[in-house]
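Visitor: show me the folded form of this:
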Amino acid sequence: MPDKRIRLAARRKAVGFSQEQLAERLSVASSTVARWESGETEPQPWLRPKLARVLQVSLDQLGILLDEGGLTDSEASERLNYALTHPGSIDLVTVAHLRHEVRVLDEQYVTVPSSALLAHAGQCLGQVRFLGAHAIGGRVRRELYAVEAEAAILMGQLVWDTSQRRDHASARSYLDQAIEAARQVRDPAMEGLALLRKAMISLYGEHHPAAGLTLAEQTKETTLRTSDVLTGLAELHAAEAHAMLGDLAACGQELAAADTTLTRVDDLDAAFELYSVTQFGRMAGSCYLSLADTRRAQVFLEDTAAALGDGSKSQAVALANLALALIRQGELDAAVGRLHQAIDVIEQNWGGGGLNIAFGAGKELRPWRDVPVVADVQDRLLTLMAG
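Guide: Numbers count the residues shown, from 1 in each chain. Predicted structure coming up:
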């Protein structure tokens, strides 16, 4: 009896396709996809590049999914433990298991507290580095470099978030590691993502917009022919840098460029899983806050907050920024209401970005600290601080 390709099916589900939908994209029968996943047949060689694009994996990664067979999680863990004891035995199936572990953690990052993911992510990165030093065979080493890039980017995010966006040096060190690994396998999308994360550290951690702008420009150069998602996000962060520098015209140009770029995004983009229709509004709102155009910021942030109801770290950021926009317009009751909503989300995911903006909103409410509704929300912020 053939082994089921469990992780091939899992990858299909991760990108949001049923068997029927995947079959339609590939112009094959749904029974053909079912046979691939059951292990009865394999995709024809001419169809594999298109299948890889739809599943958002490289051809090598697709090969791993097809070679993998039907290992259970327990069996995959046993293989990994054996490889860690006998590192020369590391094979593509075990690398696929490590990649799966990293991607599960990455998917959880949006809603799960970073502190809950940090140890496991660090363990995965350490295992990848150890095995990479002993791997035999170029294909296995290439795949390990690819997993290392993903794991190091995740670690950079987690370390920075857990430190409430204060430990810039450690986060940057992980991102530099990711850039080096991505360059080893000539993956401009992964390199661009690491550069973009470094830009965020400069912008929102160190409050150094000139450095953030330089990194955002580097990201655009790296991803221009690879990913409209990453290029569009880089343009949004360049817009934010210009806003922080007080350059309204340059900010508007970058926002317009990002709007155009993001309209070209399709589901075959190398970074499609990072795309959200709410990103433009959230970032535009933040830009206009920096430019002191609070009414315009409010319009973008209201729409974004309405669209985001997922308990994500992005929702917390949008709500906290909306509270700031309302405070600066003197709309006290509305501002406090939004700040309470932001705290509700922060208490679930402890996102460093939302937390810092919420604390900033609390400081701006100090002139009204004797007003009962303000005193209530500041009590909640003190509880967060203690936590």
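Visitor: from here on, just use CA atoms for contacts and neighbour counts.
Guide: Will do.
Visitor: which stretches of the stretch 151-300 of the chain form helices?
Guide: 168-184, 188-200, 209-223, 228-244, 248-263, 279-290, 294-307 (DSSP state H, counting those that start in this stretch).
Visitor: and the last one, what's buried?
Guide: Neighbour counts over helix 294-307 (16 or more other C-alpha atoms under 10 Å) mark 294-298, 300-302, 304-305 as buried.
Visitor: so which elements touch it?
Guide: Counting by 3 or more C-alpha pairs under 8 Å, 6 or more residues apart in numbering; DSSP states H and E, the packing neighbours recorded for helix 294-307 are helix 279-290, helix 313-328.
Visitor: and of these, who's closest to Val15?
Guide: Nearest to Val15, of all the helices and strands packed on helix 294-307, is helix 279-290, at 19.1 Å by C-alpha to C-alpha.
Visitor: want to throw the helices of the stretch 151-300 of the chain into a markdown table with mean pLDDT and distance to Gly330?
Guide: A markdown table is the format used below for these (pLDDT from 0 to 100; distance: least, C-alpha to C-alpha, whole Å):
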| stretch | mean pLDDT | distance to Gly330 |
| --- | --- | --- |
| helix 168-184 | 97 | 34 |
| helix 188-200 | 97 | 29 |
| helix 209-223 | 98 | 28 |
| helix 228-244 | 98 | 22 |
| helix 248-263 | 98 | 24 |
| helix 279-290 | 97 | 14 |
| helix 294-307 | 95 | 11 |
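Visitor: hey, which of those is tucked in deepest?
Guide: Mean neighbour count, computed with mean count of other C-alpha atoms under 10 Å, is highest for helix 228-244 among the helices of the stretch 151-300 of the chain, reaching a mean of 28.
Visitor: helices or strands up against that helix?
Guide: So helix 228-244, by 3+ C-alpha pairs under 8 Å, 6+ apart, packs with helix 188-200, helix 209-223, helix 248-263, helix 279-290.
Visitor: that one vs helix 248-263, what angle?
Guide: For helix 228-244 against helix 248-263, the angle by axes from the mean of the first three to the mean of the last three C-alpha atoms, to 10 degrees is 170 degrees.
Visitor: coming back round to it: can I get the helices of the stretch 151-300 of the chain in a markdown table including distance to Ala151?
Guide: Shown next, in a markdown table, are the helices of the stretch 151-300 of the chain (distance: least, C-alpha to C-alpha, whole Å):
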| stretch | distance to Ala151 |
| --- | --- |
| helix 168-184 | 8 |
| helix 188-200 | 11 |
| helix 209-223 | 19 |
| helix 228-244 | 18 |
| helix 248-263 | 26 |
| helix 279-290 | 24 |
| helix 294-307 | 29 |
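Visitor: and Trp368, which of the ones you listed is closest to it?
Guide: It's helix 294-307; of these, that one is closest to Trp368 (C-alpha to C-alpha) at 19.4 Å.
Visitor: ok and the closest one relative to helix 313-328, angle-wise?
Guide: 150 degrees.
Visitor: renumber starting at 49 from here on
Guide: Yes, from this point I'll number from 49; that puts the last item at helix 342-355.
Visitor: contacts only, for Ala247.
Guide: 259-264, 285 (C-alpha atoms under 8 Å, 6 or more residues apart in numbering).
Visitor: just flag the most distant two among those.
Guide: Ala259 and His285 (11.5 Å).
Visitor: with respect to Val158, which of the contacts of Ala247 is nearest?
Guide: His285 (19.1 Å).
Visitor: wait, isn't that closest one in contact with Leu261?
Guide: Yes: in terms of C-alpha atoms under 8 Å, His285 counts as a neighbour of Leu261; the distance is 7.4 Å.
Visitor: check contacts around the closest residue to Ala183 other than its chain neighbours.
Guide: Closest residue to Ala183 apart from its sequence neighbours, by C-alpha to C-alpha, 6 or more residues apart in numbering: Gly136 at 5.6 Å. Neighbour list for Gly136: 179, 182-184 [criterion: C-alpha under 8 Å, 6+ apart].
Visitor: redo those residues as a markdown table? Include pLDDT and neighbour count.
Guide: Shown next, in a markdown table, are those (pLDDT from 0 to 100; neighbours: other C-alpha atoms under 10 Å):
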| residue | pLDDT | neighbour count |
| --- | --- | --- |
| Leu179 | 95 | 25 |
| His182 | 90 | 16 |
| Ala183 | 88 | 19 |
| Ile184 | 83 | 15 |
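Visitor: using CSV, lay out these together with secondary structure and distance to Ala247.
Guide: What follows is the contacts of Gly136, written out as CSV (DSSP: H, G, I helix; E, B strand; the rest coil; distance: C-alpha to C-alpha, whole Å):
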residue, secondary structure, distance to Ala247
Leu179, helix, 30
His182, coil, 33
Ala183, coil, 33
Ile184, coil, 36
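Visitor: export those residues as JSON lines, with columns for distance to Gly410.
Guide: As requested, the contacts of Gly136 are exported to JSON lines (distance: C-alpha to C-alpha, whole Å):
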{"residue": "Leu179", "distance to Gly410": "47"}
{"residue": "His182", "distance to Gly410": "52"}
{"residue": "Ala183", "distance to Gly410": "52"}
{"residue": "Ile184", "distance to Gly410": "55"}
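Visitor: and the two most separated of these?
Guide: Among the contacts of Gly136, Leu179 and Ile184 lie farthest apart (C-alpha to C-alpha), at 9.6 Å.
Visitor: identify the contacts common to those two.
Guide: With C-alpha under 8 Å, 6+ apart as the test, Leu179 and Ile184 both reach 136, 138.
Visitor: out of the helices of the stretch 199-348 of the chain, flag the one nearest Gln156.
Guide: Across the helices of the stretch 199-348 of the chain, closest to Gln156 is helix 236-248 (C-alpha to C-alpha), at 17.7 Å.
Visitor: do I have it right that Phe320 meets Leu281?
Guide: No: using C-alpha under 8 Å, Phe320 is not in contact with Leu281, being 11.6 Å away.
Visitor: after the worst-scoring helix or strand of the chain on mean pLDDT, next one along is what?
Guide: Ranking every helix and strand in the chain by mean pLDDT, DSSP states H and E puts helix 107-115 at the bottom, with a mean of 79. As assigned by DSSP states H and E, the chain's next helix or strand after helix 107-115 is helix 121-133.
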